[in-house]
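Q: predicted coordinates and the sequence they were generated for:
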Amino acid sequence: NAGVTQTPKFQVLKTGQSMTLQCAQDMNHNSMYWYRQDPGMGLRLIYYSASEGTTDKGEVPNGYNVSRLNKREFSLRLESAAPSQTSVYFCASSERGTSGGQTQYFGPGTRLLVL
Amino acid sequence: ILNVEQSPQSLHVQEGDSTNFTCSFPSSNFYALHWYRWETAKSPEALFVMTLNGDEKKKGRISATLNTKEGYSYLYIKGSQPEDSATYLCAYVYSASKIIFGSGTRLSIRP
């Protein structure tokens, strides 16, 4: 059981480049989340997917798009990277949505640097 | 704007001492309150999820209480050990899958 996996672990981009961060979970969870973590700030929700086939905006969605490819995979895309998107990105999953008292399981993170 | 405050931001405690810290959140539209433990270079790991006013949860030397009416939760660590050094995050859930994290309390245990 790998839990939640993320690729890549580290990426350097130039301003304006695009890339997709990949996330997969093998726990048969319905809900998946993308967060960013910046120094001095808590984890901020970018997008979430309550179940396969649905996605919704979180607190900081601008500049990002997501795809819930299937139940296992939830990708985050930066169409035109900006230096303000330099951050550590975490993917998480839970059996159901967080309102039901479900804990989230986090991936190892992707460190992104945009020059 | 919804805000989740954690205090203190950082804490240095002697090994063997007990400690506690606070998470403050809006008292309206409450669904759940999560606590996570986050060690450096690792991923956050769930400690507790609390959903009812007055909830008390315990895992070994760590326990938590919840007051949804006044909007706060306390995390207690009894007899701190070096392996307790980590950042402790709380997260306030205010609707299905709407969650806001605090910025954490960074705990360091001095041997």
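A: That came through, no problem. Numbering: from 1, shown residues only, chains lettered A, B, ... in the order given.
Q: pairing partners for the least confident helix or strand in chain B by mean pLDDT, with directions?
A: The least trusted helix or strand in chain B, going by mean pLDDT, DSSP states H and E, turns out to be strand B:98-101, with a mean of 88. Sheet pairing of strand B:98-101 (DSSP bridges) gives strand B:86-95 (antiparallel).
Q: for chain A, what are the nearby residues on chain B?
A: Counting by Cβ under 8 Å from any Cβ of the partner chain, the positions of chain B adjacent to chain A are B:4, B:31-32, B:34, B:42-46, B:49-51, B:89, B:91, B:93, B:95-104. C-beta coordinates here come from the backbone N, C-alpha and C atoms, glycine included.
Q: which of those residues are buried?
A: B:4, B:31-32, B:34, B:43-44, B:46, B:49-51, B:89, B:91, B:93, B:96-104 (16 or more other Cβ atoms under 10 Å in any protein chain shown).
Q: number of nearby residues for residue A:62?
A: Neighbourhood size, residue A:62 [other Cβ atoms under 10 Å in any protein chain shown]: 8.
Q: state the distance from it to residue B:87.
A: 27 Å (Cβ to Cβ, to the nearest Å).
Q: name the residues of stretch A:18-28 that are buried.
A: For stretch A:18-28, by 16+ other Cβ under 10 Å, it's A:21, A:22, A:23, A:24, A:25.
Q: report the two of these separated the most.
A: A:21 and A:25 (14.0 Å; Cβ to Cβ).
Q: grab the CA positions of stretch A:65-84 and hand them over as CSV.
A: Output in CSV follows, covering the C-alpha atoms of stretch A:65-84 (Å, rounded to 0.1, in the frame of the first residue of the first chain):
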residue,chain,number,x,y,z
ASN,A,65,-6.6,23.7,-13.3
VAL,A,66,-7.3,20.2,-12.2
SER,A,67,-8.5,16.9,-13.6
ARG,A,68,-9.9,13.9,-11.7
LEU,A,69,-8.8,11.4,-14.3
ASN,A,70,-10.4,8.4,-12.4
LYS,A,71,-10.9,7.5,-8.8
ARG,A,72,-7.2,7.0,-8.2
GLU,A,73,-5.7,10.0,-9.9
PHE,A,74,-6.0,13.8,-9.5
SER,A,75,-3.7,16.1,-11.4
LEU,A,76,-2.9,19.8,-11.0
ARG,A,77,-1.9,21.8,-14.0
LEU,A,78,-0.2,25.2,-14.2
GLU,A,79,-0.8,26.5,-17.7
SER,A,80,1.6,29.5,-17.5
ALA,A,81,3.7,29.4,-14.4
ALA,A,82,4.5,32.5,-12.4
PRO,A,83,7.1,33.2,-9.7
SER,A,84,4.2,33.5,-7.2
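Q: this completes my enquiry, with thanks.
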